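K.L.:
Got a predicted structure here, sequence first:
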Amino acid sequence: MSAALQQPSREDFAALLEESFLTNEISEGSVVKGKVVAIEKDVAVIDIGAKTEGRVALKEFAGPNRDQTVVVGDEVEVYVERIENALGEAVISRDKARREESWVKLEKAFEAQERVNGTIFNQVKGGYTVDLDGAVAFLPRSQVDIRPVRDVTPLMGVAQPFQILKMDRRRGNIVVSRRTVLEESRAEQRSELVANLEEGQVIDGVVKNITEYGAFVDLGGIDGLLHVTDMAWRRVNHPSEVVTIGQTVKVKIIKINHETHRISLGIKQLLADPWEGIAARYPVDAKLKGRVTNITDYGAIVELEPGIEGLIHVSEMSWTKKNVHPGKIISTSQEVEVVILEVDQVKRRISLGLKQTLQNPWEAFAEKHPVGTEVEGEVKNKTEFGLFIGLENDVDGMVHLSDLDWNRPGEQVIDDFKKGDVVRAQVLDVDVEKERISLGIKQLAGDPF
């Protein structure tokens, strides 16, 4: 009685049979688990259930950066292409199973924007192929590194992270980038390094690159810009005058932009400011020497000491040469004597005078030729109101029309003179401030009245 109760009923047996069918159901295009039952030369015989076996080449169990050997009894996943061929065997593939498995993982990583590990194993037109654990992806040449890489050999066969840029399951296309990973890692590293730096901090760095406007200094994984204007208090024409590539320099952090991670550096800030107490060292009207460092249309820059420069405006260069380019009066690197005209410590400006080192020619003329003195000179120019006579020290005197003759109108008398004539005249007035000398020709004959 008890033995009869333990025997399964007709319904229980049917349920168990259906369950076994469901468990061992195999369909084409699916991935199933199988057991290695034999190794024959270069193939593995795998039992995938339901009394069905298939053969897989041993080379499918290996791959780039993967050396997997199988032995009898191993359980492996395979892709079922056909349940039965002409020989009564299943057509299965380990490569396709791995590819299907990888695609599922990669799609999840792509949606989550996560990095995936892969290995560059071959070079193709326009880039390289990458093995992503069974799935093959394309790595464009432009996405290999942040900077162009000439030789990718050291990167081949090395497991490393990539970022998936594009996936097309239908076409079986995957595009990855190594550059994106490096940029993100670099940004993270920069953020961490910047967080440890402070404005005003003094640190050592190595000059990495030199440009026209400054030098980039490596601060230990992050670069800072040392602008040419912050290299020295004196004028620096090119950064190479102060630093060289590979040189270790001590710099001060002037400014940090935490959003862009840009760091401004300075060397001159570590030195004493030469403009401190400048007014006491360079009093107005003091006469001193300097070297011309630059000439412009509006004047000349003169270095008085390292870091201290002043401007000789074109109007302060010569008493007599007006509207002349500064380069025709002085030259670069020339040592000149100048006079301090004005000092502005706030704006860091010093106005210099060159002509002030020489005597005012109108003052000199007035001392030597008082009113009533007779002088001689060449007619330089004729105008509607008189003659201009060239005198000593490049100054001119003017004879007004009314001072040409006692008897005839000046308009008639002026025609008697031509440019280049040497004439004699009497000094009537000298205005030093207005730089004017008035002469008379008729006064030499005395006043007839």
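P.N.:
On my side now, so go ahead.
K.L.:
Pairing-wise in the sheet, spell out the partners of residue 206.
P.N.:
Residue 206 has these beta-bridge partners by DSSP bridges: residue 218, residue 248.
K.L.:
ditto for residue 427
P.N.:
residue 439.
K.L.:
My guess is it contacts residue 439. True?
P.N.:
Yes. Judged on Cβ atoms under 8 Å, residue 427 makes contact with residue 439 at a distance of 6.3 Å. C-beta: built from backbone N, CA, C; applies to glycine.
K.L.:
Quickly list what's touching both of these two.
P.N.:
By Cβ atoms under 8 Å, 6 or more residues apart in numbering, residue 427 and residue 439 have these common neighbours: 375, 397.
K.L.:
The two: who's more crowded?
P.N.:
More crowded of residue 427 and residue 439, by other Cβ atoms under 10 Å: residue 439, with 27 against 22.
K.L.:
ok, the nearest residue to residue 313 once chain neighbours are set aside - how many residues close by?
P.N.:
With sequence-adjacent residues excluded and distances taken as Cβ to Cβ, 6 or more residues apart in numbering, residue 313 is closest to residue 299, at 4.5 Å. If you count neighbours by other Cβ under 10 Å, residue 299 ends up with 21.
K.L.:
bridging residues for residue 299?
P.N.:
In this structure, residue 299 bridges to residue 296, residue 313 when assessed by DSSP bridges.
K.L.:
swap in residue 92?
P.N.:
Beta-bridge partners of residue 92, as defined by DSSP bridges: residue 80.
K.L.:
quick one, what contacts it?
P.N.:
Counting by Cβ under 8 Å, 6+ apart, residue 92 has contacts 34, 46, 48, 54-56, 78-81.
K.L.:
likewise residue 233?
P.N.:
Contacts of residue 233 (Cβ under 8 Å, 6+ apart): 268, 271, 273-275, 306-308.
K.L.:
out of these, who's nearest residue 135?
P.N.:
Lowest distance from residue 135 to the contacts of residue 233 (Cβ to Cβ) belongs to residue 268, with 56.8 Å.
K.L.:
Kindly write the ChimeraX command that selects the buried subset of the contacts of residue 233.
P.N.:
To isolate the buried ones among those in ChimeraX, judged by 16 or more other Cβ atoms under 10 Å, type:
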select :268,274,275,307,308
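K.L.:
Output the contacts of residue 233 in JSON lines, with distance to residue 262 and pLDDT appended to each entry.
P.N.:
Formatted as JSON lines, those follow (distance: Cβ to Cβ, whole Å; pLDDT from 0 to 100):
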{"residue": "268", "distance to residue 262": "19", "pLDDT": "92"}
{"residue": "271", "distance to residue 262": "24", "pLDDT": "88"}
{"residue": "273", "distance to residue 262": "25", "pLDDT": "86"}
{"residue": "274", "distance to residue 262": "28", "pLDDT": "88"}
{"residue": "275", "distance to residue 262": "27", "pLDDT": "88"}
{"residue": "306", "distance to residue 262": "29", "pLDDT": "86"}
{"residue": "307", "distance to residue 262": "26", "pLDDT": "85"}
{"residue": "308", "distance to residue 262": "30", "pLDDT": "91"}
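K.L.:
got TSV for the contacts of residue 233, with distance to residue 186 too?
P.N.:
Formatted as TSV, the contacts of residue 233 follow (distance: Cβ to Cβ, whole Å):
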residue	distance to residue 186
268	30
271	33
273	36
274	39
275	40
306	39
307	37
308	42
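K.L.:
Which ones among the contacts of residue 233 map onto helices?
P.N.:
Nothing among the contacts of residue 233 maps onto helices, per DSSP state H.
K.L.:
Please flag which of the contacts of residue 233 sit within strands.
P.N.:
Taking DSSP state E, the ones among those that sit in strands are residue 308.
K.L.:
List the beta-bridge partners for residue 253.
P.N.:
For residue 253, the beta-bridge assignment (DSSP bridges) gives partners residue 265.
K.L.:
Wait, it touches residue 263, no?
P.N.:
Yes. Contact criterion Cβ under 8 Å: residue 253 and residue 263 qualify, at 6.3 Å.
K.L.:
okay, and the common contacts of the two?
P.N.:
Counting by Cβ under 8 Å, 6+ apart, the contacts common to residue 253 and residue 263 are 197, 224.
K.L.:
who's more crowded, the two?
P.N.:
residue 263 (24 against 20).
K.L.:
Provide a list of residues in contact with that one.
P.N.:
By Cβ under 8 Å, 6+ apart, residue 263 lies in contact with 194, 197, 219, 222-225, 253, 255-257.
K.L.:
So how do I select the buried members of these in ChimeraX?
P.N.:
In ChimeraX, a selection of the buried entries from the contacts of residue 263 looks like this (16+ other Cβ under 10 Å):
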select :194,197,219,222,223,224,225,253,256
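K.L.:
Restricted to helices, list the contacts of residue 263.
P.N.:
Using DSSP H, the contacts of residue 263 in helices are residue 194.
K.L.:
Closest to residue 74 out of the contacts of residue 263?
P.N.:
Nearest to residue 74 among those, counting by Cβ to Cβ, is residue 222 at 50.0 Å.
K.L.:
Nearest spatial neighbour of the closest one, chain-adjacent residues omitted?
P.N.:
Nearest non-adjacent residue to residue 222, counting by Cβ to Cβ, 6+ apart: residue 193, 4.4 Å away.
K.L.:
same thing with residue 258?
P.N.:
Per Cβ to Cβ, 6+ apart, closest to residue 258 is residue 194, 6.3 Å.
K.L.:
what's the offset of the helix or strand where residue 187 lies from the middle of its chain?
P.N.:
Using DSSP states H and E, residue 187 maps to helix 179-195. Mean-position distance between helix 179-195 and its chain equals 19 Å (Cα atoms, centre = their mean, to the nearest Å).
K.L.:
Identify each buried residue in that helix, please.
P.N.:
So helix 179-195, judged by 16+ other Cβ under 10 Å, has buried residues 179-182, 190, 194.
K.L.:
swap in stretch 140-148?
P.N.:
Of all the residues in stretch 140-148, those buried under the rule 16+ other Cβ under 10 Å are 143-144.
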